[in-house]
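Colleague: pasting the sequence and the predicted coordinates here, then a few questions.
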Amino acid sequence: MKKVGLGIGVVLALVLLGGFVLTQRGDAARAGDCARISGALDAPRYEALDCGSGRANVKVAKVLRWNEKSCPSGGMDYSTYTGGSTLCLMPNFVEGSCYGQDSDTGIAKVDCAAEDSVKVARVIGGETDRAACGESRAAVFPEPAVTFCLERGGPRR
């Protein structure tokens, strides 16, 4: 079994912002919309973008109603962004792309040869099956159901 280790852990922690609550705009966002969260550690900003944009680092998984207190559970933790409503966010990972740390956004696309990068080997929509990733590390989100199969990037030894 491949050990995928620290690089993936760091990337997932940063992209998910540890459940960090951001307060800005995002009032008209809907599930399925994509955005770029920047200034993640200092002054978080939400910028709505097309999901195909290379700059879009998150996807709105769910918009919580006034009586809902938390994002769906049963997989990876979602980040949240609070404006006029609370948005449950997941990474906008693209199959075949690699990601690494970024001080402004938490995560950014990088060259797959970059040290500590993580490659998205597969994106499986409609499933939350960790076994579907085989020996790759699975990052599973329950709503909408998606499984990201992740592998270590970086220089080959």
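Modeller: Nice, thanks for sending it over.

Colleague: every contact and neighbour count from this point should use C-alpha atoms.
Modeller: Noted.

Colleague: how about the strands in this structure?
Modeller: 21-23, 34-38, 45-49, 58-64, 79-82, 86-91, 98-102, 106-110, 118-125, 137-142, 145-152 (DSSP state E).

Colleague: from the centroid of the protein, which residue is nearest?
Modeller: Pro91 (1.8 Å; C-alpha atoms, centre = their mean).

Colleague: who does it bridge with?
Modeller: Val58 (DSSP bridges).

Colleague: that one and Cys34: what is the separation?
Modeller: 9 Å (C-alpha to C-alpha, to the nearest Å).

Colleague: common neighbours of these two, please.
Modeller: Both Pro91 and Cys34 are in contact with 57-59, where contact means C-alpha atoms under 8 Å, 6 or more residues apart in numbering.

Colleague: let me know the closest of the residues you listed to Glu115.
Modeller: Nearest to Glu115 out of those is Asn57 (C-alpha to C-alpha; 19.7 Å).

Colleague: any idea what Thr147 is bridged to?
Modeller: Ile124, Val140.

Colleague: sorry, back to before: show me the one of the strands of the chain that comes nearest Ser73.
Modeller: Among the strands of the chain, strand 137-142 sits nearest to Ser73 (C-alpha to C-alpha), with 6.9 Å.

Colleague: pLDDT of the closest one, averaged?
Modeller: The average pLDDT for strand 137-142 rounds to 95.

Colleague: just give me how far that strand sits from the chain centre.
Modeller: Relative to its chain's centre, strand 137-142 lies at 10 Å (C-alpha atoms, centre = their mean, to the nearest Å).

Colleague: what's the answer for stretch 34-52, then?
Modeller: Taking C-alpha atoms, centre = their mean, one finds the center of stretch 34-52 at 12 Å from the center of the full chain.

Colleague: neighbours of the nearest residue to Cys51 once chain neighbours are set aside, how many?
Modeller: Distances taken as C-alpha to C-alpha, 6 or more residues apart in numbering place Cys34 nearest to Cys51, at 5.0 Å, with adjacent residues excluded. Using other C-alpha atoms under 10 Å, Cys34 has 27 neighbouring residues.

Colleague: and if you look at the one 3 residues further on?
Modeller: Burial of Ile37 is recorded as 23 neighbouring residues (other C-alpha under 10 Å).

Colleague: so it versus Arg45, what's the distance?
Modeller: 6 Å.
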